[in-house]
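K.L.:
Give the three-dimensional model of this entry:
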Amino acid sequence: MCPPGTMRNSTGATGIHQCEPCTGGHYCEGYGNTEPTGLCDPGYYCPANRSVSSPQPGDLKCPKGHYCLEGTVEPYPCDTGTYQPNEGRTDCIPCQAGFYCESALEPDPQPCPPYHYCPEATMYPIPCPNGTFTYDNETGLASEGECQPCISGAYCRGGYIMDACAGGYFCLSGSYEYTPAGDPPPANPDQDPCTPNTQCAGPCPAGHYCPVGIEDPIACPNHTIRNTTGASQLSDCRPCPAGSHCLQGDPVEYECPVGYYCEEGMPPEECPLYTYRNTPGAASEGDCYPCRAGYWCNDTGMVTFNQNPCPVGHYCERATPYPEPCTGGRMSTETGRRSNEDCPLCTPGYYCPNDTINVHGIPCRPTYECPEGASLEVVCRPGAYCEGVTGVPPDCPGGYYCPLGSSSYTRCFFPKYCPVEVKCLWNVRLDTWRCHILD
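P.N.:
Numbering: from 1, shown residues only. Alright, predicted model coming up:
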């Protein structure tokens, strides 16, 4: 009879040497087997051409780094990224996330090295994607998302920080190019953050310049401008053009405001005294207009000439530094006089002296006459009387006499008489009045 572990399914055997080993994956228990007794148990393997008499052959336990199902002929190697540190197992253990298992025979998973990440069942560490990195001592990353976006001012490839970004470029986050293309990242990421998991890098934003490896774009200073991208140094910010003013970090060129003039590369300056500017864009002090006649531009930065009309009693010529009083014999009750000739003559009955602000004039006193345009009072002429506020005095009436400086007329006494055309004068020698006919 064929011994245990063998079988013979045909007749005519002449010796034990004609007994065949049990079929692979099976065992043949006892003597005289014509067919396998059954499948080998899980955790064991039963090779072909091997005499196996037990379902759990002690010397054929499934080895480390393999797994054996029921009826296994040869042990199955653990799949990529799995391992099995024990014998007699029916499955393999997936390599845990953050580790890699390069060989199924190696019983201990290795921590994922720097610059890489290792999901579950990793055989070989996976380099972090371009635009991300890890630090030299950072191990055990389990997913791509644990690779950090490349630091500001540098570019990263394969998990490594390669180098600083080129001048004229702003690598804010996640850059994988030395000279990244695309839209510029926001100059102020606190107000305008980057989209997560994207390369946030590109040419230096307009209004700024970016030296090699800059972490934050540097704003072009006040009174300079850069209205295109890609500036790499301060000199790329050009002086603000004359007639415009430019703000720090702003790529927009603004017209010089009204009331100001803007020279090249300079801040706005107020138009000086006695001038104004009512339209934007003045490029020099000469572009400020002289104040118009009849007005007084008595402040700097004036935006209109008609803000301060020349005051009453004065006249203002073009660009006058201060209002001039109307000269003697002239006055002004209105604002806006353009010249001394524009001031009307002093009203009859009033006088307008020099070096005085004459608005209405000074009323002429009794005994004085003030014709139109008078700058001084004149003693009332003989043969007339001046009661006060007199321009042209009335003649003394018939029967009365009016000596020089009369404020009223005096009756003639008998035996004298005074017709209208006769004037009476005081004769000092005779101590009496003497009437005479006017020539």
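K.L.:
and the spatially most central residue of the chain, what does it touch?
P.N.:
In the chain, the residue lying closest to the centroid (Cα atoms, centre = their mean) is Asp250, at 5.7 Å. Shown in contact with Asp250 (Cβ atoms under 8 Å, 6 or more residues apart in numbering): 207, 225. (C-beta placed from N, C-alpha, C; glycine too.)
K.L.:
at 6 Å instead, please
P.N.:
The contact partners of Asp250, taken as Cβ atoms under 6 Å, 6 or more residues apart in numbering, are Gly207.
K.L.:
And for the one 4 residues further on?
P.N.:
Taking Cβ under 6 Å, 6+ apart as the criterion, Tyr254 is in contact with His245.
K.L.:
how close does it get to His223?
P.N.:
Look at Tyr254 and His223: by Cβ to Cβ, to the nearest Å, they are 12 Å apart.
K.L.:
hang on, the earlier thing: Three-state assignment for the residue nearest to the centre of the chain, please.
P.N.:
Counting by DSSP: H, G, I helix; E, B strand; the rest coil, the backbone at Asp250 sits in coil.
K.L.:
and the gap between it and Cys220?
P.N.:
Here Asp250 is placed at a distance of 8 Å from Cys220 (Cβ to Cβ).
K.L.:
So for these two, which residues contact both of them?
P.N.:
Residues touching both Asp250 and Cys220 (Cβ under 6 Å, 6+ apart): Gly207.
K.L.:
Share the number of residues neighbouring Gly30, please.
P.N.:
Gly30 has 12 neighbouring residues, counting by other Cβ atoms under 10 Å.
K.L.:
ok, now Cys22?
P.N.:
The burial count for Cys22: 28, using other Cβ under 10 Å.
K.L.:
how about it, phi and psi?
P.N.:
As for Cys22, its main-chain torsions (degrees, to the nearest 10) stand at phi -60, psi 150.
K.L.:
That one and Cys28 touch, don't they?
P.N.:
Yes. Here Cys22 reaches Cys28: they are 3.7 Å apart, a contact under Cβ atoms under 6 Å.
K.L.:
Identify the contacts common to the two.
P.N.:
Taking Cβ under 6 Å, 6+ apart as the criterion, Cys22 and Cys28 both touch 5, 7, 36.
K.L.:
In strands, which of those appear?
P.N.:
Among those, the members falling in strands are Met7 (criterion: DSSP state E).
K.L.:
Out of the shared contacts of Cys22 and Cys28, which is nearest to Gly361?
P.N.:
Pro36 (145.8 Å; Cβ to Cβ).
K.L.:
Could you count how many residues lie near the closest one?
P.N.:
The tally of other residues near Pro36 (other Cβ under 10 Å) stands at 20.
K.L.:
Skipping adjacent residues, who's closest to it in space?
P.N.:
Spatially, and ignoring its direct neighbours in sequence, Pro36 is nearest to His26 (3.4 Å; Cβ to Cβ, 6 or more residues apart in numbering).
K.L.:
Report the separation between Ala201 and Arg89.
P.N.:
Ala201 sits 50 Å away from Arg89, going by Cβ to Cβ.
K.L.:
neighbour-wise, which of those two wins?
P.N.:
Higher neighbour count among Ala201 and Arg89: Ala201, with 29 against 21, using other Cβ under 10 Å.
K.L.:
Just confirm the more buried one is within a strand.
P.N.:
Yes. Counting by three-state DSSP, Ala201 is part of a strand.
K.L.:
That one contacts Tyr178, correct?
P.N.:
No. At 10.2 Å, Ala201 does not count as touching Tyr178 under the criterion of Cβ under 6 Å.
K.L.:
which residues touch Arg411?
P.N.:
Going by Cβ under 6 Å, 6+ apart, Arg411 touches Tyr400.
K.L.:
Angles on the backbone of it, please.
P.N.:
Arg411 adopts backbone torsions of phi -70, psi 140, taken as degrees, to the nearest 10.
K.L.:
ok, what's across the strand from it?
P.N.:
Beta bridges link Arg411 to Tyr400, judged by DSSP bridges.
K.L.:
if I look at it, how far off is Asn49?
P.N.:
Applying Cβ to Cβ, the value for Arg411 to Asn49 is 177 Å.
K.L.:
quick revisit: per-residue pLDDT of the residue nearest to the centre of the chain, please?
P.N.:
At Asp250, the predicted lDDT confidence score is 95.
K.L.:
neighbours of Pro272, just the number please.
P.N.:
14.
K.L.:
ok, the residue lying closest to it once chain neighbours are set aside to Gly259 distance?
P.N.:
Sequence neighbours aside, Thr300 is the residue nearest to Pro272 in space, at 6.0 Å (criterion: Cβ to Cβ, 6+ apart). Look at Thr300 and Gly259: by Cβ to Cβ, they are 8 Å apart.
K.L.:
Counting neighbours, go ahead and name the busier of those two.
P.N.:
Shown here are Thr300 and Gly259; by other Cβ under 10 Å, Gly259 has more neighbours (21 against 16).
K.L.:
Quick check, pLDDT for the more buried one.
P.N.:
Model confidence at Gly259 (pLDDT) stands at 96.
K.L.:
how near is it to Val303?
P.N.:
Taking Cβ to Cβ, one finds Gly259 at 4 Å from Val303.
K.L.:
Phi and psi next, for the closest residue to Arg157 other than its chain neighbours.
P.N.:
For Arg157, ignoring the flanking residues on the chain, the nearest one in space by Cβ to Cβ, 6+ apart is Asn130 at 4.9 Å. Phi and psi for Asn130, reported as degrees, to the nearest 10, are phi -60, psi 140.
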